[in-house]
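**Student:** Using only what follows, build the 3D model:
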Amino acid sequence: MAGKGPAPRPAGPDIESIIANATLRETTVPLCMAGHLQGEYEDLERQLTAAATFVGDSLAGSPTTTIAVRMEELRAEMAEHLVEYRFRALVPQAWSDLLAAHPGDAGRLFDPDTFGPAAVAACAVAPVMTVEQYQRLDKKLTAGQQEALFDAVWKLNTSVVQAVPFSLLASATAASLTAGK
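**Tutor:** Numbers count the residues shown, from 1 in each chain. Below you'll find the predicted structure:
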């Protein structure tokens, strides 16, 4: 069978369809905005761990039940104060321009004091916010919460995305639902 090349590849979608349907990557960051509740929950968690180590054969009269019930109440309260921040990646030129507008010094890629707030505000989809609004919000967040928002924005704009994500947990869960059918 001389002279035969590889089989022709089937035609895929046309580029105009791809362009028309393409969207920029998005992500969400859920944060509980009631820090005092988080602190109370963590205190109770420590108390529950300590109380559980001294529980005998019965939970009757043990403080663990009271502590556990209060922890569940707190979880419900915290859920009421949960805000999901949604971010969308910028087009590469806009991201590059944003970096250029906040140059770093001493070998840094950007100025950490100005770039973080600008990047978070620029990528915020819901709630939409200005840099000034983010700077006010920033004063109500812990360093970890600030980092969670900035990291989400950074990853949206700089990380390589897996073509088709895979979750072992989702796959196993879905398989268990169809196993009995």
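
**Student:** Work out for me the element the residue sitting nearest the centre point of the chain sits within.
**Tutor:** Closest to where the C-alpha atoms of the chain average out (Cα atoms, centre = their mean) is V29, at 3.5 Å. Using DSSP states H and E, V29 maps to strand 26-32.

**Student:** Could you spell out the sheet neighbours of that strand, each with its direction?
**Tutor:** Next to strand 26-32 in the sheet, as set by DSSP bridges, lie strand 82-88 (antiparallel).

**Student:** in whatever helix or strand comes next after the partner strand, what counts as buried?
**Tutor:** Per DSSP H and E, the first helix or strand lying C-terminal to strand 82-88 is helix 92-100. By neighbour count on 16 or more other Cβ atoms under 10 Å, the buried set for helix 92-100 is 95, 98-99. All C-beta spots, glycine's among them, are computed from the backbone N, C-alpha and C.

**Student:** any chance of these in JSON lines, plus pLDDT and distance to A124?
**Tutor:** Shown next, in JSON lines, are those (pLDDT from 0 to 100; distance: Cβ to Cβ, whole Å):
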{"residue": "W95", "pLDDT": "97", "distance to A124": "14"}
{"residue": "L98", "pLDDT": "98", "distance to A124": "13"}
{"residue": "L99", "pLDDT": "96", "distance to A124": "17"}
